[in-house]
Each structure stands twice: as structure tokens, then as C-alpha cells.
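Novice: this one's structure only:
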DNA sequence: CAATTTATGTCAACACCTTGCCATATTTAG
DNA sequence: CTAAATATGGCAAGGTGTTGACATAAATTG
């Protein structure tokens, strides 16, 4: 029976992929919960943490548009409307109309937002250490590579 | 200057962890969107897909309680109330009170639910193939191992 | 230049997820 | 056996995510 080998391979591959996606779903659920818990005293969710991180990067001093944030975080513009509204109300960001294009708004970090970003760094570092106990940097890099391939494939489709 | 080596290592480790979590957030956003899109004609979300998968496993013929599903999927009981309500309305699952414990409900797949689970398999296989183009099984197994470590660490905290 | 097309951000409706609270049922303690 | 503690599932409020529809602004086309 010369056929079973490839059939077994396919079946194994499918089971592995199945497990991979299931673990991804599980992991992200618990990451959002645990991450938000780690920043509880600052009243910042993992999503707001991502936005603060995006706006704090070198080269983003002038701010980002909603579209740019949407492309960067891979969430819809419409979703950002809500998140940015809450962050604006909290005083972490400001929306200012671009004088050169009345449609777009520059989202910038306020001084308060920048200060909060600095303040949460120790909690974030602790969160990383606790979550990744026993995971070496090489494994992390391999996972990053897989995720980037995954994202690339999905963007194409 | 004998100190810089370890400081550089820490900084590199932090940057790597940072990127890992950011990619995880990005990836899951696009996975949920693309996955739900792949099952669009069946009107099933990635979450409902997870529930169908959980109830279709060998050994689950007798159903699972809400608590068991909650432990398995790593989401809250309260969240499942909503998801299961929608799936019940769609006719995919049934909730029946456990005669031996009036508090708990056995969640079981209906015949219609089992049929849908069979029907979506080709779409799921296609989704796996498209998403994981260029990613070999070994890389997937490494990522699974990392995610399981991550989940284990977070459950402990 | 006027008309159409495209781009940007928002609103609305709905699914998903969390926490806090509660009713009911079971178990444990006294 | 009764009273307290615990377990199970659901309700409510609010943040996060999606798609569809929309107003307005800019760019393109005739």
C-alpha cells in the first residue's frame, strides 16, 4: 500500500494546523484578560496599550491618521472610532483636523498619554517576564516569523 | 565595559517579547476576520466554529457543561451564555438540564449542528492551506509549544 | 469647470468578551 | 436537620471587533 504515507502526512498536517489555530484562539483570550488585569490600576486595556505603543514609536511625533492606525493594528477604521473616542475622553490622545486635508485627522499622544505610556512600562515588562517564563528568545523569534507569514498570507487573500 | 552585554540582552529580549505580543494581536484580529469570511456562507463565526469543534470531539457525545466549555475555550461562562443562545436559536446545539444536578446544563450538538460541522470541513481545510502557505509543520509545532507554555504561565497567575 | 469617483472618518447594529451581581441548586458544617 | 458556604448558569453594563451605510472632502474625468 504505497499511498498511506502521504495520506497520513495530510491528516497530521491538518491536525497540527487545527491545534495551532485553537491554541491561538485560547492564547489570545487569556492574553487579553491577563494583560488588561496587569494594567488594571491604570485602567488601560490591551487594545489601548497597542494604540499608545503605536503613537509612541520613533517617527510618530506628528501623529498618525485613523487609516494609518487601522493598517498598523489590523483593525477596522470603524472600530478605532470607538477606541479613540474613549482614549480622547481619558485625555490620552488628541484628534486634530489636518489643514491640508480636511477629511483626515491626526491622532497624537497628549503629554498625559505619553506619561501614562512611561508609567505602564514596568507593568508591561513584568507581564512579559511572567508570561514567557521558560520560553527562550529563539522560540519567540520563530513564532514571530510564523505569525508574520500568516498575516502576509491573509492580507493577500 | 563588562556590563553592556547583559543589558543589551535584556533590551533585545524585551523588544522581541514586545513584537511577539504585537504580532499575536495583529494575527488574531485578521484571523477572526478572514476565518469568519471563509465560513460566511454558513453564517458561522470563528467562535461558533470553536464550539462546534469542541462538541464534535470523540468522547463528547454526551455533551459538555457550560463550565467545561468555559475551561476548554478559555472564555468566561457569561460570554458563553450569549454564544450558546445564538447557536441554540440557529438550531446547532441543545441545552438540557442535567437530571442529577438541576443547576448544570448539558450542551449537546443537534443533528443539524453535526451536519453543519461536516459541511464546513472543506472550507476550514482551505482556510488552513491558504493561511499557512510556506509554513512547515515543524514551525507550527514550535509555535504550538510556545502558546501552550504561555497559556500555562497565565493560568498559574 | 462641472460631474463622477474615490478617500476619510463616523454612526448604527450586532457578535464577542469581560466583570459584577444574582437566583437557584448542591454540598458542607454545626 | 438546618444554616452557611459553594457551584452553576444567566442578566446587565460596557469595551472591542465586524460590516453596511452615510456625509463630507479631495481627486479624477469629461
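Specialist: Perfect, I can see it now. Predicted model only: the values in this text are computed from it and were never measured. Numbers count the residues shown, from 1 in each chain, chains lettered A, B, ... in the order given.
Novice: all helices of chain A, in order?
Specialist: For chain A, applying DSSP state H gives helices covering A:4-38, A:46-55, A:66-73, A:77-90, A:111-131, A:137-156.
Novice: burial of residue A:66, as a residue count?
Specialist: When counting by other Cβ atoms under 10 Å in any protein chain shown, one arrives at 17 neighbours for residue A:66. For the C-beta atoms, the positions are set from N, CA and C on the backbone; glycine is no exception.
Novice: hang on, isn't it packed against residue A:75?
Specialist: No: look at residue A:66 against residue A:75 with Cβ atoms under 8 Å: they stay out of range, at 10.6 Å.
Novice: picking that back up, dump the helices of chain A to TSV, plus mean pLDDT and distance to chain B.
Specialist: Output for those, formatted as TSV (pLDDT from 0 to 100; distance: least, Cβ to the nearest Cβ, whole Å):
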stretch	mean pLDDT	distance to chain B
helix A:4-38	89	4
helix A:46-55	97	6
helix A:66-73	97	7
helix A:77-90	98	9
helix A:111-131	97	4
helix A:137-156	97	4
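Novice: Most tightly packed of these?
Specialist: Most buried of the helices of chain A, by mean neighbour count (mean count of other Cβ atoms under 10 Å in any protein chain shown): helix A:46-55, with a mean of 21.
Novice: Tell me which residues are up against it.
Specialist: Residues outside helix A:46-55 that contact it (Cβ atoms under 8 Å, 6 or more residues apart in numbering or on different chains) are A:31-32, A:35-36, A:39, A:44, A:60, A:63-64, A:69, A:72-73, A:83-84, A:86-87, A:92-93, A:107-109, A:113, A:116-117, A:120, A:124, B:18, B:22, B:25.
Novice: can you narrow those residues to ones near DNA strand D?
Specialist: Counting by Cβ under 7 Å from any atom of the strand, A:83, A:86, B:25 from the contacts of helix A:46-55 sit close to DNA strand D.
Novice: and of those, the nearest to DNA strand C?
Specialist: Lowest distance from DNA strand C to those (Cβ to the nearest atom of the strand) belongs to residue A:83, with 9.7 Å.
Novice: residue contacts, residue A:128?
Specialist: By Cβ under 8 Å, 6+ apart, the contact list for residue A:128 reads B:14, B:17, B:18, B:21.
Novice: shouldn't the second one be in contact with residue A:139?
Specialist: This points to residue B:17. No: counting by Cβ under 8 Å, residue B:17 sits too far from residue A:139 to count as a contact (11.3 Å).
Novice: From the chain's centroid, how far away is stretch A:81-90?
Specialist: In terms of Cα atoms, centre = their mean, to the nearest Å, the centre of stretch A:81-90 is found 17 Å from the chain centre.
Novice: does any bit of it sit next to DNA strand C?
Specialist: Yes: against DNA strand C, stretch A:81-90 shows contacts by Cβ under 7 Å from any atom of the strand at A:81, A:84, A:85.
Novice: and what of stretch A:29-40?
Specialist: Yes: under the criterion of Cβ under 7 Å from any atom of the strand, DNA strand C is reached by stretch A:29-40 at A:29, A:30, A:32, A:33, A:36, A:37.
Novice: So what touches that stretch?
Specialist: Residues from elsewhere that reach stretch A:29-40, judged by Cβ under 8 Å, 6+ apart: A:44-46, A:49, A:120, A:123-124, A:126-127, A:131, B:21, B:24, B:73-75, B:150-151, B:154-155, B:157.
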